[in-house]
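coordinates for the following, if possible.
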Amino acid sequence: MLDSEKDGLLPALNKGREALTQAIEGVDDDLATRKPKNGGWSILECMNHVVESERYLLSRLRIAQHSKEQVADYEREAKIASRAADRARKVEAPPESQPTNRYATLREALAAFEATRAETIQFLEAFGDDLRRWTTNHPLFAGPVTCKETVLMMAAHPGRHAEQILEIRRTFKGL
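Residues are numbered from 1 along each chain as shown. As a prediction, this is how the structure comes out:
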């Protein structure tokens, strides 16, 4: 991977991680498991989903296939980066990333996310080719996605759920 590409992706991955960490700061286990009255996921379910998504997408990166030519669609990349973080556009989580309730506490879920995000960063740091020359699939896209697009999704996704967690926290504020 080009160093300039890493220079852009690594900070984006860290920004998403930081947004998520800040969103759950100060949340106790009682609040983490409370479901909003209007339905939807609890904070803990959001975290379980984020971990499952990160693991799934990292697994897709690891089995990507090399393309003879670069597959670059800069407009699509920009849309992916902005839409992945946009809570105004509702997206049904694919079965691969539904909350599993694997983690009983927020602390466990955060530790699992941090470990998986560290693996993602290690993968990128060790990757020595152009991410746009490698493709994989994603359950929300028809056809292949580049590894660059996948990493853009991974970078923005925690921020999307950080916003959701903040929304949930606001619904319980003062109760």
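
from here on, contacts and neighbour counts on C-alpha atoms
Fine.

which positions in the lowest-mean-pLDDT helix or strand in the chain come out as buried?
None of the helices or strands of the chain scores lower by mean pLDDT, DSSP states H and E than helix 74-85, at a mean of 85. Using 16 or more other C-alpha atoms under 10 Å as the test for burial, helix 74-85 gives 77, 80-81, 83-85.

list of residues touching the following helix or strand past that helix?
Following helix 74-85 in sequence order, the next helix or strand is helix 106-126 (DSSP states H and E). Residues from elsewhere that reach helix 106-126 (C-alpha atoms under 8 Å, 6 or more residues apart in numbering): 1, 6, 10, 13, 17, 21, 28-29, 32, 44, 47-48, 50-51, 54-55, 58, 103.

of those, just the buried ones, PyMOL syntax please.
A single PyMOL command is used to select the members of those judged buried by 16+ other C-alpha under 10 Å:
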select buried, resi 1+10+13+17+21+32+44+47+48+50+51+54+55+58+103
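
narrow the contacts of helix 106-126 to those in helices?
The helices, defined by DSSP state H, take in 6, 10, 13, 17, 21, 29, 32, 44, 47-48, 50-51, 54-55, 58 from the contacts of helix 106-126.

now for those residues: which two are most distant?
The span of those, defined through C-alpha to C-alpha, is set by Lys6 and Asp29 at 36.0 Å.

elements contacting the top helix by length along the chain?
Secondary structure of the chain read by DSSP H shows that its longest helix is helix 147-172. Counting contacts by 3 or more C-alpha pairs under 8 Å, 6 or more residues apart in numbering; DSSP states H and E, helix 147-172 packs against helix 3-24, helix 43-62, helix 74-85, strand 134-136.
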